[in-house]
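# This is a predicted model, with the sequence first.
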Amino acid sequence: KPRSRLPLPPGPRGVPVLGALPLVGASAHSNLARLAARYGPIMSLRLGSHLCVVASDASSARAFLKTADAQFAHRPDPISARDVSYQRQNLAMSDATPTWKHMRKLCSFHLLGGKALADWAPTRRAEYRRLVDALRRLHDAGQPVPIFDLLICTLANVVGTIVIGGRVFDDHGDESNKFKDMLSDLLTGGAQFNVGDFFPSIAWMDLQGIRSKMLGVHKRFDALLTRLFEEHQRTRGSRRGAPDFVDKVMANKVSEDGATISDVNVRALICDLFTAGTDTSSVVVEWTFAEMLKNPAILRRLQTETEAVVGRDRLLDESDIPKLPYLQAVCKEGLRLHPSTPLMLPHFSHEDSEVAGFFIPKHTRLLVNVWAIGRDPAVWENPLAFDPDRFLPGGKGERYDPLGSDGNFGFIPFGAGRRSCVGKLVGMLFVQCLVGTLAHAFDWELPEGEEEIDMEAKPGLALPKAVPLKAFARPRLSPAAYV
Ligand code: HEM
């Protein structure tokens with residue numbers, strides 16, 4: 001039984017009424033890292049009427065995500081997420097209920113686990129090829145590539161095809177840009193520290209306008225999902241014998257132990273897959289490219305490696321990745337410095353607990369600062385440098401695995417424990433294949449006069465570049481490779 005006479009973790013006192021809320025600010029991940037340097041790797045902050053603990057190094061992440069994983073496997077109920085999560089009936093914001101467990105199991109079994117992934121490799125290949133075609137067309141038209149926009153369009157089409165049986169956008173353009181803007185609004189609004197969350201009695205005032213903004217995002221998302229869903233129902237007959245993911249979920253709504261997935265759960269789950277499945281990987285690929293354009297020698301070394309293994313007469317394929325150690329190291333370094341969700345998603349406990357000698361009362365929020373963990377100078381030499389060599393044999397990062405098989409919690413861009421990213425295998429594949437394909441198939445050049453890349457991040461649930469990267473891409477393989 002947790003001993004309530006143990007101390008709470010140390011932390012800043014903040015100001016009367018608001019507590020530490022003003023110290024957190026918009027760039028919560030970096031402000032919290034700064035506070036952790038002063039108060040320690042496990043810190044507690046009173047935010048209005050709520051208590052929040054923050055874990056900022058590997059051993060504190062282990063204490064919460066391994067030792068106390070079951071207690072902290074729930075999610076809080078932030079006002080900003082209520083509408084977009086269909087009142088928390090989705091996978092990402094639900095408490096760890098039997099329905100959540102069943103949805104996660106169906107995702108792993110029918111969509112995101114190793115065997116299921118192999119089944120939809122042709123879809124990924126076809127969309128990567130379309131992306132390469134789009135880049136060639138931009139080259140022929142003498143235009144720079146808006147990397148992030150094209151990645152979102154590509155991944156939304158991959159997710160659309162495998163989840164709900166159809167591509168979402170014909171091509172990159174107005175429609176896909178609207179989708180990207182919806183994602184951006186959702187991920188920015190979803191992470192704002194909302195005064196109403198910490199002062200429930202004045203939540204109805206919606207002082208920062210977050211609730212109404214998120215309701216607008218939800219309505220736009222729901223309109224898109226309704227269109228896709230109706231189309232899906234209309235074309236049910238054409239998929240007999242070849243069901244997509246939604247067909248499989250509909251056919252397995254009740255689990256062996258009786259947990260039931262409702263139609264609203266299905267819709268909310270599709271929404272999760274579109275949001276979590278597109279933005280996260282695109283953010284990492286865009287940052288990795290920005291780092292490589294700042295360090296052209298790294299890009300050239302990657303091109304040399306991919307050319308030696310893949311040649312010049314075809315595009316890179318997922319099956320090449322195990323033979324490309326430098327590509328793997330570049331992507332790990334991108335994930336270390338630029339994890340797409342710097343504070344993961346918030347966790348929540350419904351019971352008192354004792355963690356690492358501290359008392360943590362029930363109804364405490366937990367944030368794990370994976371951004372700070374990836375830059376911890378006690379673990380990473382010269383942590384701010386983009387240096388893929390650290391992950392190669394003999395490098396200090398050699399034993400670190402972003403997917404968590406190393407078990408040391410020093411590099412956890414996908415989180416860890418029972419709430420860790422359910423799409424981590426495919427997330428890693430997206431990043432590796434997209435970085436590899438774009439580096440192998442094109443030479444890259446920044447627009448004249450824009451050689452200084454702005455490396456500021458736009459704060460939010462995800463951490464994209466504040467100024468989107470644009471660069472000219474010139475085909476570098478033999479024409480046969482692009483046919
Ligand atoms: C580079 C790519 C990705 C990164 C870095 C990433 C990272 C994360 C992180 C940090 C979490 C929260 C873990 C926690 O709160 O403990 C998460 C959750 C989640 N991710 Fe990912 N993710 C990526 C790609 C994907 C993809 C491709 C999908 C699906 C197609 C996906 C689906 C999800 C879902 C559904 C959750 C919620 C899981 C739950 O609450 O049980 N992610 N991801």
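Thanks, I have the structure now.
# Just grab the bridge partners of Val145 for me.
Ala471 (DSSP bridges).
# tell me the contacts of it?
Listed by Cβ atoms under 8 Å, 6 or more residues apart in numbering, the contact set of Val145 reads 135, 138, 470-473. (C-beta placed from N, C-alpha, C; glycine too.)
# closest to Asp376 among these?
Using Cβ to Cβ, Ala471 is the member of the contacts of Val145 that lies nearest Asp376, at 31.3 Å.
# Got the confidence number for that closest one?
As predicted, Ala471 sits at a pLDDT of 97.
# Which residues does stretch 263-277 contact?
Applying Cβ under 8 Å, 6+ apart, the contact partners of stretch 263-277 are 84-86, 89-92, 99, 103, 107, 111, 155-156, 158-160, 163-164, 183, 186-187, 221-222, 225, 228-229, 246, 249-250, 261, 421, 423, 426-427.
# Sitting in helices, which of the residues you listed do you find?
99, 103, 107, 155-156, 158-160, 163-164, 183, 186-187, 221-222, 225, 228-229, 246, 249-250, 426-427 (DSSP state H).
# From the ligand, how far off is Ala126?
17 Å (Cβ to the nearest ligand atom, to the nearest Å).
# So which of the contacts of Val145 reach the ligand?
Among these, no residue sits close to the ligand (Cβ under 6 Å from any ligand atom).
# Phi, psi for the residue in the stretch 251-400 of the chain that the ligand sits nearest to please.
Going by Cβ to the nearest ligand atom, the ligand is nearest to Gly277 of the stretch 251-400 of the chain, at 3.0 Å. With angles defined as degrees, to the nearest 10, Gly277 sits at phi -90, psi -10.
# Check the contacts of Val145 and tell me the two furthest apart.
Leu135 and Lys470, at 12.3 Å, using Cβ to Cβ across the contacts of Val145.
# Would you mind telling me which of those two has the busier surroundings?
Leu135 (22 against 15; other Cβ atoms under 10 Å).
# so where does that one fall, helix or strand?
Counting by DSSP states H and E, the element that carries Leu135 is helix 121-140.
# Phe430 versus the residue of the stretch 251-400 of the chain closest to the ligand, what's the distance?
8 Å (Cβ to Cβ, to the nearest Å).
# In CSV, list the contacts of Val145 along with distance to Arg75.
Converted to CSV, the contacts of Val145 look like this (distance: Cβ to Cβ, whole Å):
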residue, distance to Arg75
Leu135, 38
Leu138, 40
Lys470, 36
Ala471, 38
Phe472, 43
Ala473, 40
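# Within range of the ligand, give me the residues from the stretch 251-400 of the chain.
272-273, 276-277, 280-281, 284, 339-341, 344-345.
# can you check the stretch 101-250 of the chain too?
So the stretch 101-250 of the chain meets the ligand at Arg104 (Cβ under 6 Å from any ligand atom).
# Nearest residue to Phe411 in space, please, no chain neighbours.
Tyr400 (4.2 Å; Cβ to Cβ, 6 or more residues apart in numbering).
# Just say helix, strand or coil for the one you found.
With DSSP: H, G, I helix; E, B strand; the rest coil as the basis, Tyr400 sits in coil.
# filter the contacts of stretch 263-277 to the buried ones?
Among the contacts of stretch 263-277, the ones that count as buried by 16 or more other Cβ atoms under 10 Å are 84-86, 89-92, 99, 103, 107, 111, 155-156, 158-160, 163-164, 183, 186-187, 221-222, 225, 228-229, 246, 249, 261, 421, 423, 426-427.
# now the residues of the stretch 251-400 of the chain next to the ligand as TSV including distance to Ile321, neighbour count and pLDDT?
Formatted as TSV, those follow (distance: Cβ to Cβ, whole Å; neighbours: other Cβ atoms under 10 Å; pLDDT from 0 to 100):
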residue	distance to Ile321	neighbour count	pLDDT
Asp272	26	22	91
Leu273	23	24	93
Ala276	22	22	90
Gly277	19	23	90
Thr280	19	25	93
Ser281	14	27	95
Val284	15	28	97
Pro339	20	29	96
Ser340	20	28	93
Thr341	23	23	93
Met344	26	25	95
Leu345	28	20	94
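# Show me those that map onto strands.
Here DSSP state E is the test, and those give no hits in strands at all.
# from those residues, which single one is nearest Arg240?
Leu273 (23.3 Å).
# And the closest one, how close does it get to Leu91?
8 Å.
# Now list whatever residues contact both of the two.
Counting by Cβ under 8 Å, 6+ apart, the residues touching both Leu273 and Leu91 are Cys107.
# Excluding chain neighbours, what is closest to the residue positioned nearest the centre of the chain?
Nearest to the centroid of the C-alpha atoms of the chain, with distances taken as Cα atoms, centre = their mean, sits Thr280, at 3.2 Å. Excluding the flanking residues, the one nearest Thr280 by Cβ to Cβ, 6+ apart is Ser340, at 4.1 Å.
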